[in-house]
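# Return a 3D structure for these sequence lines:
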Amino acid sequence: MNNAQPAPVGAERPKAIFDQVLFQHVIGDKWGVEDAEKISKILKDNGAEEIERSSPNNPLALDQVTHIISTTSDFPEYHITQERLLSVVKPDWVIASINKNKIANPRQHSPDPKMFFSGLVVCCADLPPGDSDAIIGGVLAVGGLYSGGVTRLVTHIVALTLDPEKCKVAIAKNIKCKIVLPHWFDDCLRLGKRIDEAPYCLPNPEILLRKPEDRIPDAARPDLYGSSSAVPPSLDSPRTPQRELTVFKNKTVMLSSDLAIGSHLRGTIEGLIKGGGGDITGSVYNSDTLICQYRETRDFRIASGAGQDVGNLAWLYHLFSHNTWTSPTRRLLHYPIAKKGLPGFNDFRISLSNYNGEARVYLENLARAAGGEFTKTMKEENTHLITAHLHSEKCDAAKEWNINIVNHLWLEESYAKWQIQSIANPRYTHFPQRTNLGEVVGQTEIDRQAIKKYFPEGVDDDSSGVEAGVRAMKVKDQNANFKVPVPNSSAAHPRSSGRAPEPVPIHSDEPTPKATKAIRKPSNVTPLRTPASSRYTNNEKENDTPSTTGSRGAKQKAAARLHEMAPDIQLYEKEMKRVGGVTHGGRKSSDHKVSDNNRKRSISKDDENSSEVEEPGRPVKKAKTKEAPAIQLLITGDKRWVDDTAKESRERAHLKDLGIRIIDKGLKCTHIAVPRIVRTPKFVASLAHAPTVLTLDYIDQCLAQNAKLDPEDFLLQENNDDKIRGYNLAQSMARAKVNKCRLLRGWTIYCTDGIRGGFDSYRDIITENGGICQLYKARATSVALVTPLGGKREDDDSQSTPDYLYLVSGTSPEEKKLWPKFRQMAQSKGRTPRIVNNDWVLNLAITQAIRWSPDYEQKD
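Below you'll find the predicted structure:
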């Protein structure tokens, strides 16, 4: 007997998970009709409604859907979905929502390439709290998920060894997840790309077991074929798939006149498009797809402004070959190129290393399209070396010749954003140890918003000057209050092409109208239009609004000038965002009106310090500002924080609250804390800045007493060994203040790669003291024949002037082989060669004086 009671009349039924979801699928190579039907059934069974399409080639019904199911962001309507804030999710979003019994966050299941951790579920095993928090935050920011425990959904466990309990559970239960080192997440987040995790996988991670000089495997990229050039490899008839061509169905295509193709090939292309259900038009106003070669054309501007798909001939051939739609902005060389290249890029000579196959061809063509000069062989005149990793002869030579070494992301993002990116950005100089960055070549897309800044959209050169001016201004009310005196004339003179208009009045209570429509107005005034510069003076306004209806040449010059000023403008805007503003506290108090409620919570620094009339007898309250740490402290030779990151984070924060900031490099340090005079690279290099040298007791006492103590009570004193070596800190710091980091100014000093302590350490020491350090590998290099400014110093002797050319070297057999060639090179430049040990560099940096002793010279 069934005892179930019927639901009361009017009772609400349980709400389904996808109750308000209206969805459609994007069918592609990786997401077929059968796969879509399975997911559709799950969605419908849980309350969703599918908006039917008569054909997969028909446009999506964006006005009706709330969610789009797709494995890729590469479909025609994707950018429109982002503007309308529609959710585009991968199919695993449905499964995740079912498992949670609620709708999952679409961000964690987005097919957007920027969310490169989408689909990852990460679990941390026995990591320090700071490292764990950093990894979790980074993963969530780029589309991943975090799980506190080990479940079947976990895809990656982050651990240092296999000993943690979570790792043992995953192995015992045979959970299909990868156990990786934290280094993988660090490298991915630094690059902004997801690289292969194989070299980071436990129990035998390559990055810990392999030697740095071991060969890194090549990265094959056959998927770049067809997108490695802005021009098809062959201008013969395009290859088409065996099945029916459907990619152009319901598309109207225009072939621009700048393609420079013959009538026979043009007829073939038009026949293929029509045969696939598309149409051909000769007017850009009637098309929805434009094929052109250059961005400077009228057709490009109009089509881009109208939101059409704009690609080049290489993109068209790619569509023919694959019969699958892909965005022309998805691959950099599928988008029309600029005739003159990226401004400033023509000064660069670029060479490649460690890229092979299609990836190499792609980067070569990209460098040329950007306007740079590409050279297969690298010489001293090259400015940049783009490499996939740092193990090659070209990389060694680039270090020796001081050529900029960057990865391909610098080239791709400079081209995509149409602005030369700074090589100071660590993303462009980061090279994971066992990764060939060729595996992530070609993943950068054209930045549409950046391109708009330099190639304005929607401007039709054939339209009248008034129409172009109205569109260029975009904000109608800019000239709403503009008035000029009008001579006694009631005739309306329509503007003819190429002639400046007569001065006309603009009434403040009327919006600026479109020039193509007749507007009713009093009989004694002329038609409204965007005002041009006038000889009449406006007495009611301080500044006359400039005209936008002048000559086309003036506009182009202004645009070019604005383009040159773009880096300065961006830097200014960045500084304006900084707390305190650009010069005297940033924005004026009048720039932003603050409500009373907001004032109760926080008052800007400028408002507090603004000069106002003071009431008699009423004191003015001073703003409470938090002082910046007065002591910039560098710690070296101390092991208090080794293998204890939690203690390090805690004590660093405590010291910062006391006004003592711990820094990692000596460039800005005011104080150094050391156990004694040590010869670590940090200590020796930082002495050029004349810091105050303290004992480690200073840190201990500040932490113990919870106060910033007087550093003068903790000055370091030399011991007997220091005195024997000739070290006197007081004298060294006095000389450093006089030298002002110019002790070695005008000197070029060479170092071997095998020198004890490493080349980078000595480069930092020499550079901090104003010299130039070059890696010597017996290649042909230039020698800077420069003498020190100011002549000979008091503590110099005749042996220490730059008439001598120095090589800092060890005594290994490999280094000794370089000595004869170094002597020959120095003599050919009119110099006396001197091969010295590392003590010469260390002692001159510590004493801040250039002195010579025969003990420094290396003997054969």
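# Looks to me like residue 366 is in a helix.
Yes. If the criterion is DSSP: H, G, I helix; E, B strand; the rest coil, then residue 366 is within a helix.
# if I look at it, how far off is residue 194?
Distance, residue 366 to residue 194, using C-beta to C-beta, to the nearest Å: 21 Å. Where you see a C-beta, it was placed from the backbone N, CA and C, and this is true even at glycine.
# Give me the more crowded residue out of these two.
residue 366 (28 against 23; other C-beta atoms under 10 Å).
# OK, contacts around that one?
Contacts for residue 366 (C-beta atoms under 8 Å, 6 or more residues apart in numbering) come out as 332, 333, 411, 412, 415.
# As CSV, those residues with secondary structure and distance to residue 311 would be great.
Shown next, in CSV, are the contacts of residue 366 (DSSP: H, G, I helix; E, B strand; the rest coil; distance: C-beta to C-beta, whole Å):
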residue, secondary structure, distance to residue 311
332, helix, 12
333, helix, 10
411, helix, 21
412, helix, 18
415, helix, 16
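# Buried ones among these?
332, 333, 411, 412, 415 (16 or more other C-beta atoms under 10 Å).
# Pull the most distant pair out of these.
The distance between the two most remote of the buried ones among the contacts of residue 366 (C-beta to C-beta) is 11.9 Å, for 333 and 411.
# ok, back up a step: just the closest of the buried ones among the contacts of residue 366 to residue 806, please.
residue 411 (36.2 Å).
# ok, that closest one - contacts?
350, 363, 366, 367, 370, 386.
# my guess is the fifth one meets residue 415, correct?
So the one you mean is residue 370. Yes. Assessed by C-beta atoms under 8 Å, residue 370 is found in contact with residue 415 at 5.0 Å.
# any shared contact partners between the two?
Common neighbours of residue 370 and residue 415 (C-beta under 8 Å, 6+ apart) are residue 342.
# For the stretch 651-800 of the chain, which segments are assigned as strands?
660-663, 671-673, 692-694, 748-751, 772-775 (DSSP state E, counting those that start in this stretch).
# quick one, which of these is nearest to residue 852?
Short answer: strand 748-751, nearest of the strands of the stretch 651-800 of the chain by C-beta to C-beta, at 14.0 Å.
# That closest one: partners in the sheet, and parallel or antiparallel?
According to DSSP bridges, strand 748-751 has the following sheet partners: strand 772-775 (parallel), strand 804-808 (parallel).
# hmm, who's touching the shortest one?
Surrounding strand 772-775, the residues in contact under the criterion C-beta under 8 Å, 6+ apart are 396, 399-402, 747-753, 759, 762-763, 766-767, 781, 784.
# repeat that for 6 Å
If you take C-beta atoms under 6 Å, 6 or more residues apart in numbering as the criterion, strand 772-775 is touched by 399, 400, 748, 749, 750, 759, 763, 766.
# what's the offset of that strand from the middle of its chain?
Distance, stretch centre to chain centre, for strand 772-775: 29 Å (C-alpha atoms, centre = their mean, to the nearest Å).
# model confidence over it, on average?
Strand 772-775 carries an average pLDDT of 89.
# gap between the two ends of stretch 662-681?
Terminal residues of stretch 662-681 lie 17 Å apart, using C-alpha to C-alpha, to the nearest Å.
# can you give me the offset of it from its chain's centre?
So, by C-alpha atoms, centre = their mean, the centroid of stretch 662-681 is 31 Å from its chain's centroid.
# dump the residue contacts of residue 64.
Going by C-beta under 6 Å, 6+ apart, the list of residues near residue 64 reads residue 51.
# Quick check: pLDDT value at it.
pLDDT, residue 64: 86.
# Could you say whether it sits in a helix, a strand or coil?
Secondary structure assignment for residue 64 (three-state DSSP): coil.
# need the contact list for residue 194.
Residue 194 sits in contact with 116, 188, where contact means C-beta under 6 Å, 6+ apart.
# Now do the SS call for it.
Applying three-state DSSP: residue 194 is coil.
# Residue 144 contacts residue 120, correct?
Yes. Between residue 144 and residue 120 there is a contact under C-beta atoms under 6 Å: 4.0 Å.
# Neighbour count for those two, which is higher?
residue 144 (23 against 19).
# Please identify the deepest-packed of the strands paired with strand 748-751.
strand 804-808 (a mean of 23; mean count of other C-beta atoms under 10 Å).
# got a list of contacts for that strand?
With C-beta under 6 Å, 6+ apart, strand 804-808 has contacts from 749-751, 755, 776, 822, 826, 831-836, 838, 841.
# related to what we said a few turns ago, and the contacts of residue 411, which is closest to residue 269?
The closest of the contacts of residue 411, once distances to residue 269 are taken by C-beta to C-beta, is residue 366, at 25.0 Å.
# Look up how far residue 124 lies from that closest one.
38 Å.
# try residue 91
In terms of C-beta to C-beta, residue 91 sits 27 Å off from residue 124.
# Counting neighbours around each, name which of those two comes out higher.
Set residue 91 next to residue 124 and count neighbours by other C-beta under 10 Å: residue 124 wins out with 24 against 19.
# Contact partners for that one?
Applying C-beta under 6 Å, 6+ apart, the residues near residue 124 are 132, 158.
# mind redoing it with 8 Å?
132, 135, 136, 146, 157, 158, 159.
# mind giving me TSV with these and columns for neighbour count, pLDDT and distance to residue 64?
As requested, the contacts of residue 124 are arranged in TSV below (neighbours: other C-beta atoms under 10 Å; pLDDT from 0 to 100; distance: C-beta to C-beta, whole Å):
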residue	neighbour count	pLDDT	distance to residue 64
132	17	88	44
135	22	91	40
136	20	91	37
146	17	90	35
157	25	94	42
158	26	94	42
159	21	93	47
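# Output the below-cut-off pLDDT ranges for the chain.
By pLDDT under 70, the low-scoring segments of the chain are 1-14, 54-57, 233-243, 458-568, 570-629, 665-668, 724, 780-802.
# Name every strand pairing with the helix or strand encompassing residue 350 and say which way it goes.
Assigned by DSSP states H and E, residue 350 belongs to strand 349-353. Strand pairing for strand 349-353, using DSSP bridges, gives strand 373-374 (parallel), strand 384-387 (parallel).
# Report the distance from the first one to the chain centre.
Right, the one you point to is strand 373-374. 23 Å.
# same deal with the last one?
Strand 384-387 has its C-alpha centroid displaced from the chain centroid by 17 Å (C-alpha atoms, centre = their mean).
# Which helix or strand lies directly C-terminal to that strand?
Using DSSP H and E, the first helix or strand after strand 384-387 is helix 393-400.
# mind saving the C-alpha coords of that next one as PDB?
In PDB, the C-alpha atoms belonging to helix 393-400 read as follows (Å, rounded to 0.1, in the frame of the first residue of the first chain):
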ATOM      1  CA  GLU A 393      75.400  29.200 -28.400                       C
ATOM      2  CA  LYS A 394      73.300  32.200 -29.400                       C
ATOM      3  CA  CYS A 395      72.200  32.700 -25.800                       C
ATOM      4  CA  ASP A 396      75.800  32.500 -24.600                       C
ATOM      5  CA  ALA A 397      76.900  35.000 -27.200                       C
ATOM      6  CA  ALA A 398      74.000  37.300 -26.400                       C
ATOM      7  CA  LYS A 399      75.000  37.500 -22.800                       C
ATOM      8  CA  GLU A 400      78.600  38.300 -23.800                       C
END
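# any idea how far that helix is from the chain center?
Using C-alpha atoms, centre = their mean, the offset of helix 393-400 from its chain centre is 25 Å.
# Could you report the neighbour count for residue 678?
What residue 678 shows, counting by other C-beta under 10 Å, is a neighbour count of 15.
# Can you give me every residue that contacts it?
Residue 678 touches 636, 637, counting by C-beta under 8 Å, 6+ apart.
# any idea how far residue 434 is from it?
33 Å.
# Next: residue 177.
21 Å.
# higher neighbour count, these two?
Ranked by neighbour count (other C-beta under 10 Å), residue 177 and residue 434 place residue 434 first, with 22 against 19.
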